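Student: Sequence and predicted structure, then a few things I'm wondering about:
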Amino acid sequence: MTAETVAVGTEILLGDIVDTNSAELGKVLAEFGVLHLHRQTVGDNWKRLADALKTALSRSDIVFTIGGLGPTQDDVTRDGISSALRDQLIHDPLIEEAIREKLESRRIPWVESQARQAMRPASAEVIANPNGTAPGLICRKDGKVVVAMPGPRLEFLPMLLGPVSDYLRSVSDGVIYSTTVKIVGMGESIVENKIKELMEGEDPTVAPYAKTGEVHLRVTSRAASKEDAEEKVSPVVAQIKSRLGEVVYGFDDDTLESAVLAVLRGRSETLAVAESCTGGGLGERITSVPGSSDVFLGGVVSYSNALKVSMLGVSEKTIAEHGAVSEECAREMAEGIIEKSGATWGVSVTGVAGPDGGTVEKPVGLVFTAVSGTGGTTIERNVFPGTREAIRERSVKWALLQLRKRTLAE
């Protein structure tokens, strides 16, 4: 069974909102073994929507529309579906009655434009929407199916995870199961070279996805049940882990920060950070992990030289002779945060994030990362490419990577 998604809304095309609904739908389709082969986004124009739906229906068994079911003139999904299916658009008095009752219970006055939501293609079955006024629709005609869902997330998700999932369960004949293997500290080309023949397999498939400072491998299989698919995926995942070793830091929902915290928690060790160019980004990543407070003691965002001296004990002589962006300053920041906090581990980051402030000796992107612990202090020098945002993100990732290496080595 094949599927296509058509997201409706000019605001998506203009970039005013990000279409996260289609991503959620993709996950659910995979869960029920439906091959999600195409995605389209169309503005609020019923003729263009009808053309998009005709294309989708010509190559997919089920087409899902998201959005455009409201009461205003730019809510054109019902019209587009009716045209694409060559199906008459009719007024459904039961839908209008339900809408009137909802509005009355909320003390919202009725306006005639609300009646647009009571229109549906003649072939459509109504999907109840307890969280909004516009119902969803399942339209079946000539062996094709169009499922229409509302765009607002608080209406879309309950409908997707409830009645739409129930429908997919009733028509599905299998599942698509994936596990993501997460890798840090090894480039994509090297990863590919080590597992090349695994990536050439047809079931399970192994597909690489490059992230900032990471490589993710998605191992996927289709089978009659989740258990059968897992049975095919597991040995491939085991081979990947065996070949790549310690650069594999986790799977699926694991993050680099959660993996580092898990190691420290298992050893009853604590962590504190001292940041300059990352402006608190490292601490934010760490504290985004639930339960991080049993490992993470806190941090200092020492953006100014004066604060590096007063809060972290960095020597004024170090600043004067070597500058704030230096190996010497990074060392004193990491060791200083341990002294101030009493943590087992101290991590510091100092650099030139740009876009200004770089020199020939210290260009934009130059970052020093120090990790200090019972085994001493190690410092890494990098020159990261990209925008200010990218440099800061890479700096945080590198700091976590260096901390992970040290914890695994000691």
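Tutor: Arrived safely, thanks for sending. These numbers come from a predicted model, not from an experiment.
Student: Determine the set of other helices and strands touching the helix or strand bottoming out on mean pLDDT in the chain.
Tutor: Scoring the helices and strands of the chain by mean pLDDT, DSSP states H and E places strand 205-211 at the bottom, with a mean of 89. Packing partners of strand 205-211 (3 or more Cβ pairs under 8 Å, 6 or more residues apart in numbering; DSSP states H and E): helix 188-194, helix 196-199, strand 214-223. Placement of C-beta: from N, CA and C, glycine included.
Student: partner strands of it, parallel or antiparallel?
Tutor: strand 214-223 (antiparallel) (DSSP bridges).
Student: Show me which residues of the partner strand are buried.
Tutor: 214-217, 219-223 (16 or more other Cβ atoms under 10 Å).
Student: per the record, what domains does the protein have?
Tutor: The chain is divided into the following domains under automatic domain parsing: 2-171, 175-251, 256-409.
Student: Tell me how far the first one lies from the chain's centre.
Tutor: Between the centre of domain 2-171 and the centre of its chain there are 24 Å (Cα atoms, centre = their mean, to the nearest Å).
Student: Mean pLDDT and distance to Ala115 added to the helices and strands packed on strand 205-211, as CSV?
Tutor: Below are the helices and strands packed on strand 205-211 laid out as CSV (pLDDT from 0 to 100; distance: least, Cβ to Cβ, whole Å):
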stretch, mean pLDDT, distance to Ala115
helix 188-194, 94, 55
helix 196-199, 94, 55
strand 214-223, 93, 44
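Student: Which of these sits closest to Pro152?
Tutor: strand 214-223 (29.9 Å; Cβ to Cβ).
Student: what's the closest one in contact with?
Tutor: 33, 174-184, 186-188, 191, 195, 203-210, 229, 231-233, 236-237, 240, 256, 397 (Cβ atoms under 8 Å, 6 or more residues apart in numbering).
Student: what about stretch 280-293, average pLDDT?
Tutor: Averaging pLDDT along stretch 280-293 yields 97.
Student: ok, and what's touching it?
Tutor: 255, 257-258, 261, 271, 273, 275, 296, 298-299, 301, 347, 349, 392-393, 395-396, 399-400.
Student: Among those, which are located in helices?
Tutor: 257-258, 261, 392-393, 395-396, 399-400 (DSSP state H).
Student: And the average pLDDT for stretch 20-33 is what?
Tutor: Here the average pLDDT along stretch 20-33 is 94.
Student: what's in contact with that stretch?
Tutor: 1, 3, 5, 7, 35-36, 39, 64, 66-67, 149, 151, 153, 156-157, 160-161, 164-165, 168-169, 172-178, 222.
Student: just to revisit the earlier point, need the helices and strands packed on strand 205-211 in a markdown table with distance to Glu11, can you?
Tutor: Shown next, in a markdown table, are the helices and strands packed on strand 205-211 (distance: least, Cβ to Cβ, whole Å):
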| stretch | distance to Glu11 |
| --- | --- |
| helix 188-194 | 34 |
| helix 196-199 | 38 |
| strand 214-223 | 30 |
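Student: of all those, which lies closest to Asn131?
Tutor: That would be strand 214-223 among the helices and strands packed on strand 205-211, by Cβ to Cβ, at 32.2 Å.
Student: close enough to count as contact, Gly365 and Val352?
Tutor: Yes. Contact status for Gly365 versus Val352: in contact at 6.7 Å, counting by Cβ atoms under 8 Å.
Student: Need the residues touching each of these two.
Tutor: Gly358.
Student: So between these two, which is more surrounded?
Tutor: Val352 (24 against 21; other Cβ atoms under 10 Å).
Student: Tyr303 versus that one, what's the distance?
Tutor: 13 Å (Cβ to Cβ, to the nearest Å).
Student: Leaving out the residues flanking it, which one is nearest to Glu231?
Tutor: Sequence neighbours aside, Ala223 is the residue nearest to Glu231 in space, at 7.9 Å (criterion: Cβ to Cβ, 6 or more residues apart in numbering).
Student: can you pull up the bridge partners for the one you found?
Tutor: Beta-bridge partners, per DSSP bridges, of Ala223: Val175.
Student: For the stretch 301-410 of the chain, which segments count as strands?
Tutor: 345-351, 366-373, 376-383 (DSSP state E, counting those that start in this stretch).
Student: ok, now the stretch 151-300 of the chain?
Tutor: 175-184, 205-211, 214-223, 248-251, 271-275, 296-301.
Student: follow-up on the earlier one: give me the buried subset of the contacts of stretch 20-33.
Tutor: Buried, going by 16+ other Cβ under 10 Å: 1, 3, 5, 7, 36, 39, 64, 66-67, 149, 151, 156-157, 160, 164, 168, 172, 174-178, 222, out of the contacts of stretch 20-33.
Student: for the stretch 1-150 of the chain, which spans come out with low pLDDT?
Tutor: Residues of the stretch 1-150 of the chain meeting the criterion pLDDT under 70: none.
Student: from memory Lys241 sits against Val181, does it?
Tutor: Yes. Counting by Cβ under 8 Å, Lys241 touches Val181, with 7.1 Å between them.
Student: neighbour count winner among the two?
Tutor: Legend: neighbour count by other Cβ under 10 Å for Lys241 and Val181, higher for Val181 (24 against 15).
Student: Touching, the more buried one and Ser242? I think so.
Tutor: No. Assessed by Cβ under 8 Å, Val181 is found out of contact with Ser242, at 11.5 Å.
Student: Distance check, the residue in the chain sticking out farthest from the centre against Ile379.
Tutor: Relative to the mean C-alpha coordinate of the chain, counting by Cα atoms, centre = their mean, the farthest residue is Lys317 (44.5 Å). According to Cβ to Cβ, Lys317 and Ile379 sit 18 Å apart.
Student: Also Ala210?
Tutor: From Ala210 to Ile379 the distance is 27 Å (Cβ to Cβ).
Student: Pick out whichever of those two has more residues nearby.
Tutor: Ile379 (18 against 12).
Student: give the contact list for the more buried one.
Tutor: 327, 330-331, 368-370.
Student: need those residues in JSON lines with distance to Ala118, neighbour count and pLDDT, can you?
Tutor: Listed next are these as JSON lines, based on distance: Cβ to Cβ, whole Å; neighbours: other Cβ atoms under 10 Å; pLDDT from 0 to 100:
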{"residue": "Glu327", "distance to Ala118": "70", "neighbour count": "15", "pLDDT": "98"}
{"residue": "Ala330", "distance to Ala118": "66", "neighbour count": "30", "pLDDT": "98"}
{"residue": "Arg331", "distance to Ala118": "70", "neighbour count": "20", "pLDDT": "98"}
{"residue": "Phe368", "distance to Ala118": "65", "neighbour count": "25", "pLDDT": "98"}
{"residue": "Thr369", "distance to Ala118": "61", "neighbour count": "27", "pLDDT": "98"}
{"residue": "Ala370", "distance to Ala118": "65", "neighbour count": "26", "pLDDT": "98"}
